[in-house]
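Chemist: Sequence below, structure please.
(one chain, ligands or ions: 1)
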Amino acid sequence: MKNPFDNEERSAFRNLLRNFVAAEITPFADQWDEAGEIPPELHQKVGALGVWGFGIDEKYGGLGFDEVFMRAAYGEEFARAGAGGVTAALAGRTISIEPIQRLASEAIRDRVLADIVSGKKASSLGVTEPGGGSDVAAMKTTARRDGDCFVLNGEKTFITGGMNSDYFVIGARTGGEGLRGISLFFVESDMPGFSRTEIKRKMGWWCSDTASLYFDDCRVPEGNLMGAIDTGFLAIMQNFNMERLVAIAAMLGMMKTCLEDSIAWANTRQTFGQPLIRHQVIRHKIAEMSARIDVVEAYLNQICWSCQQGEVPVAEISKGKFFSSKALEYVASEAMQIFGGAGYLRGNRVERIYREVKVMAIGGGSEEIMRDLAVRQMGL
Ligand SMILES: Cc1cc2nc3c(=O)[nH]c(=O)nc-3n(C[C@H](O)[C@H](O)[C@H](O)COP(=O)(O)OP(=O)(O)OC[C@H]3O[C@@H](n4cnc5c(N)ncnc54)[C@H](O)[C@@H]3O)c2cc1C
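Modeler: Now for the predicted structure:
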């Protein structure tokens, strides 16, 4: 579908990403996912595309401007490889870089931002805890002031990129119960009292490392407090907006890949004397998949446009996220059905995307929480 908001810069950026993904990721994605890791040099190759530079000052190697359509293009084009684990292995930065740029001290920014933007170093965001991820305001990790330090105790889990990241943005309780007692901290992987273990045997995202993080009297200099004390909850919520928008774009890319592969298969596979694509039931599946993809694409473009006008369309982003994961669930399932038994075998993109539906429906704000937020934004 033609994007009415497209312009020369946006399509040039999208083409740059598309060509990169086709040459540098898609041919190897299956092999990397089975191996459980991506090549370390991929981080800097992707950094050179500028995808971690949105909204980041040029002095840190950033683009010096934000462009939400280009952020969405990054989400979509990388997802077209059909291996969410590759993007996830790189993506800890995508969800932690904004608070570092906006809230970390100048000394920290000067020391770390350029390396994160370029892909030389990695960063992750630690919000979720073993006790729960949806109820962010109930987090239990504590940060107690002690002289010129804060002492962190507690545990984070499901942290994307957590095994390989050098830097972490961590939410911890500095005040009383509830959302007004939470602060953000910049934590480095070599700080005493910090440790981590890998979460293995995930349903999907095999080549992305996911970690539990442990803070055992972890002393963090007071200058590593990010933003004002007890204001971390709002910062976490603000940060979720772009994470969710890029997730919608990624789901769009996943759906397009399912449709593309389904059409290719249906054109060649013969049953009852004709290609699958000639059977009306299969044609209707293709039509329905395509319609749902178009709806998500149009909605995403509208949301991007609204962001570019300086608005923060929280309700639309929330609705877009749960609507997209439901559309993805349908499209991936129908694609598997079109493939028949062949879809059940590892090594094809549809099979992998089918396994990666649920992380999109749960991570970064589950469908239930997105519906709840949307209806609250409607003033109800
Ligand atoms: C692969 C992976 C990577 C992740 N990466 C990160 C990361 O980098 N950083 C990070 O901080 N987190 C990360 N997460 C965590 C993710 O954001 C959480 O899993 C998510 O927010 C849900 O939290 P939970 O798993 O604790 O589920 P819970 O909060 O325990 O919820 C369980 C279920 O109950 C539903 N539910 C909860 N409350 C309600 C309610 N009030 N009404 C109705 N239903 C409700 C939820 O929607 C969910 O379906 C990751 C998760 C995965 C699986």
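Chemist: domains of the protein?
Modeler: 8-118, 123-231, 234-377 (automatic domain parsing).
Chemist: Give me the buried positions along the helix or strand where residue 153 lies.
Modeler: Using DSSP states H and E, residue 153 maps to strand 149-160. Buried residues in strand 149-160, counting neighbours by 16 or more other C-beta atoms under 10 Å, are found at 149-160. All C-beta atoms are positioned from the backbone trio N, CA, C, and that covers glycine.
Chemist: and the ligand, which of those reach it?
Modeler: 158-160 (C-beta under 6 Å from any ligand atom).
Chemist: now those residues in CSV, with pLDDT?
Modeler: Compiled in CSV, those are given as follows (pLDDT from 0 to 100):
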residue, pLDDT
158, 98
159, 98
160, 98
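Chemist: Mind picking the one among those that's closest to residue 213?
Modeler: residue 159 (5.6 Å; C-beta to C-beta).
Chemist: OK, contacts around the closest one?
Modeler: Under the criterion of C-beta atoms under 8 Å, 6 or more residues apart in numbering, the neighbours of residue 159 are 92, 124-126, 128, 165, 168, 196, 210-213.
Chemist: Same list (the domains of the chain) but as CSV, adding distance to residue 2.
Modeler: CSV is the format used below for those (distance: least, C-beta to C-beta, whole Å):
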stretch, distance to residue 2
domain 8-118, 11
domain 123-231, 32
domain 234-377, 10
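Chemist: Residue 1 is nearest to which of the ones you listed?
Modeler: domain 234-377 (5.4 Å).
Chemist: Centre of the chain to that closest one, how far?
Modeler: Offset of domain 234-377 from its chain centre (C-alpha atoms, centre = their mean, to the nearest Å): 14 Å.
Chemist: Stretch 207-217 now?
Modeler: With C-alpha atoms, centre = their mean as the basis, the mean position of stretch 207-217 lies at 17 Å from the chain mean.
Chemist: so what's residue 2 scoring on pLDDT?
Modeler: Predicted confidence (pLDDT) for residue 2: 89.
Chemist: An error on my part: the question was meant for residue 269.
Modeler: pLDDT, read off for residue 269, is 98.
Chemist: distance of it from the ligand?
Modeler: In this view, residue 269 and the ligand are 33 Å apart by C-beta to the nearest ligand atom, to the nearest Å.
Chemist: Stretch 209-223 and the ligand, are they touching?
Modeler: Yes - Stretch 209-223 lies within reach of the ligand by C-beta under 6 Å from any ligand atom, at residue 210.
Chemist: Flag every buried residue along that stretch.
Modeler: In stretch 209-223, counting by 16+ other C-beta under 10 Å, buried: 209-215, 218-220.
Chemist: Can I get those residues in TSV including pLDDT and distance to residue 321?
Modeler: Shown next, in TSV, are the buried residues of stretch 209-223 (pLDDT from 0 to 100; distance: C-beta to C-beta, whole Å):
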residue	pLDDT	distance to residue 321
209	97	24
210	98	20
211	98	24
212	98	25
213	98	25
214	98	30
215	98	30
218	98	32
219	98	37
220	98	32
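Chemist: following the helix or strand containing residue 240, which helix or strand comes up?
Modeler: Per DSSP H and E: residue 240 is located in helix 232-268. Tracing the chain C-terminally past helix 232-268 and defining elements by DSSP H and E, one meets strand 270-271 next.
Chemist: Next secondary structure after that next one?
Modeler: Following strand 270-271 toward the C-terminus (DSSP H and E): strand 274-275.
Chemist: In terms of secondary structure, what does that next one contact?
Modeler: If you count contacts as 3 or more C-beta pairs under 8 Å, 6 or more residues apart in numbering; DSSP states H and E, strand 274-275 packs onto helix 232-268.
Chemist: hang on, the earlier thing: restricted to helices, list the buried residues of stretch 209-223.
Modeler: If you go by DSSP state H, these have nothing in helices.
Chemist: In strands, which of those appear?
Modeler: 210-215, 218-220 (DSSP state E).
Chemist: which of the residues you listed sit farthest apart?
Modeler: 210 and 219 (25.9 Å).
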